[in-house]
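Undergrad: need the 3D shape of this:
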Amino acid sequence: MIAFLKNKQKAFWTLQILGWLGYGFVRMFNGLANGRSLDYVKPSLVAMVTGFLLTLIMRGVYKQIRNRSLPVVTFVAISMTGFLSLVFSTIEVIGHVQLYDPFWSPRGLEFFSNAMFDTYVLLTWTALYFIIHYYLLLEAETRKALEAAAQAQKAQISMLRYQLNPHFLFNTLNAISTLVLDKDSNAASGMLNRLSKFLRYTLVHQSTQKMTVEKEVEALKLYLDIEKVRFEDRLTIIWNIDEAAKNALIPSLLLQPIIENAIKHAISKKEDGGVIEISAFAAGEEKQDKLVLRVCDDGEGLYGDEVDTDEQSTGVGLKNTQERLEQLYGDGFVFNLADNKPSGLAVTIKMPLEFTSAE
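TA: Numbering: from 1, shown residues only. From the prediction side, this is the model:
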């Protein structure tokens, strides 16, 4: 129904023609059923054409006032309906006399003998006209509101994700600066090359875009290669990416701030470094309908150094990730922090298992 009404002109003429054809058919059938001859078809056709043309006049007037205040619209609609119902009845009576019953000589108020029924018909037409008009108006306003909300959500998500780059760049450029001061040009050049690839990925993929787990792992490896230049053999990464989860969709760079948090608290604070384990697999009670992402480290855990849920310096971290998930999934996700065994922090995310339309 909504698709049909989108083309207003086509919808109006379709309903106008079908409606008045139906009116004419019912009028003719009623006359024949009450014992009138086939000649009654002629005045019925006159009434049908008259109603069709009068409602076109009404439409022209209503188009001029339909966006005015309710009292104005109501007054005009009632006035138009009342006046044109008298015109309608007069034409019907004349047609009836000329084409069906020439022995009847109507006088005075007899010309308005059908005015009550015609008023009902024109009021029904008027009601349908304004109901459809205001329905389409409400539909358009609702669509605009949804588009505005979507734009606001997109802006919010963009703001949350683009907060990541300044924080990451600050650490990386500091590391490159240190390498330059140490005259380690090869390491600095390699780090700049990895940084350019990673930033190219962040620029190419929109902030609200979802990428496959496999593509995200490739981007995370670029990021972690940069961090490995900083920490060398102090940083160990273990990947546990289930085959069934590789093509699942996740928000672009969702895990980057979680891994960054793990590096800050589990790697940089320990002289001998540590291990970060990154997992992705499908799960569900009856069928695999959830994607589970997990980042575990072997640091001090929840009760060690304060977890970076809201860094004052840059405003990124675990809180940023949770806010992005809220924007995208509402209540349809789980974000959990727990102690890792035997030590460290485990961050677990559960979200709907989604794939591309092709899959």
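Undergrad: please, where are all the strands along the chain?
TA: Along the chain, counting by DSSP state E, strands occupy 210-212, 235-241, 249-251, 274-283, 290-297, 334-339, 345-352.
Undergrad: least reliable of the ones you listed by average pLDDT, please.
TA: Lowest mean pLDDT within these: strand 210-212, a mean of 86.
Undergrad: what residues does it touch?
TA: Residues outside strand 210-212 that contact it (CB atoms under 8 Å, 6 or more residues apart in numbering) are 205, 219, 246-252, 354, 356. All C-beta atoms are positioned from the backbone trio N, CA, C, and that covers glycine.
Undergrad: just how off-centre is that strand within its chain?
TA: Relative to its chain's centre, strand 210-212 lies at 18 Å (CA atoms, centre = their mean, to the nearest Å).
Undergrad: what's the answer for stretch 190-204, then?
TA: That offset, for stretch 190-204, works out to 32 Å (CA atoms, centre = their mean).
Undergrad: now it: buried residues?
TA: Neighbour-count burial for stretch 190-204 flags 190-192, 194-195, 198, 201-202 (criterion: 16 or more other CB atoms under 10 Å).
Undergrad: can you list contacts of it?
TA: Residues outside stretch 190-204 that contact it (CB under 8 Å, 6+ apart): 164-165, 172, 175-176, 179, 219, 222-223, 225-226, 229, 252-253.
Undergrad: Gly332 is in contact with Leu353, isn't it?
TA: No. With contacts counted by CB atoms under 8 Å, Gly332 stays clear of Leu353, the gap being 11.3 Å.
Undergrad: so between those two, which is more surrounded?
TA: Leu353 (18 against 12; other CB atoms under 10 Å).
Undergrad: can you pull the contacts of that one?
TA: 248, 282, 284, 288-291.
Undergrad: for the closest residue to it other than its chain neighbours, name its beta-bridge partners.
TA: Nearest non-adjacent residue to Leu353, counting by CB to CB, 6 or more residues apart in numbering: Leu291, 4.6 Å away. Leu291 has these beta-bridge partners by DSSP bridges: Ala282, Met351.
Undergrad: so what touches stretch 107-124?
TA: Contacts of stretch 107-124 (CB under 8 Å, 6+ apart): 23, 51, 54-55, 58, 80-82, 84-86, 88-90, 92-94, 106.
Undergrad: what about 10 Å?
TA: 19-20, 23, 27, 47, 50-51, 54-55, 58, 77-78, 80-94, 96-97, 104, 106 (CB atoms under 10 Å, 6 or more residues apart in numbering).
Undergrad: quick one: which of those residues sit in helices?
TA: Counting by DSSP state H, those place 19-20, 23, 27, 47, 50-51, 54-55, 58, 77-78, 80-94, 96-97 in helices.
Undergrad: buried ones among those residues?
TA: 19-20, 23, 27, 47, 50-51, 54-55, 58, 77, 80-81, 84-85, 87-93, 96-97.
Undergrad: let me know the outermost residue of the protein.
TA: Within the chain, Phe103 marks the point farthest from the mean C-alpha position, 66.8 Å out by CA atoms, centre = their mean.
Undergrad: surely it meets His96?
TA: No. The pair Phe103 / His96 is not scored as a contact, 11.3 Å apart, by CB atoms under 10 Å.
Undergrad: give me the neighbour count for the nearest residue to Leu345 once chain neighbours are set aside.
TA: Using CB to CB, 6+ apart and skipping the chain neighbours, the partner closest in space to Leu345 is Gly301 (5.1 Å). Neighbour count of Gly301, defined by other CB under 10 Å: 21.
Undergrad: so who does Gly301 touch?
TA: 265-266, 307, 337-346.
Undergrad: tell me the one among the residues you listed nearest to Asn7.
TA: The closest of these to Asn7 turns out to be Leu337 (CB to CB; 53.1 Å).
Undergrad: excluding sequence neighbours, find me the nearest residue to the closest one.
TA: Excluding the flanking residues, the one nearest Leu337 by CB to CB, 6+ apart is Val347, at 5.9 Å.
Undergrad: quickly list what the one you found is bridged to.
TA: With DSSP bridges as the rule, Val347 is bridged to Val295, Leu337.
Undergrad: Leu253 reaches Val217, doesn't it?
TA: No. Contact criterion CB under 10 Å: Leu253 and Val217 do not qualify, at 11.5 Å.
Undergrad: which one's more surrounded, those two?
TA: Leu253 (23 against 17).
Undergrad: what is the neighbour count of Ala244?
TA: 15.
Undergrad: I meant to write Glu141 there.
TA: So Glu141, with other CB under 10 Å, has 10 neighbours.
Undergrad: for Ser343, see how far away it is.
TA: Separation of Glu141 from Ser343 (CB to CB, to the nearest Å) stands at 56 Å.
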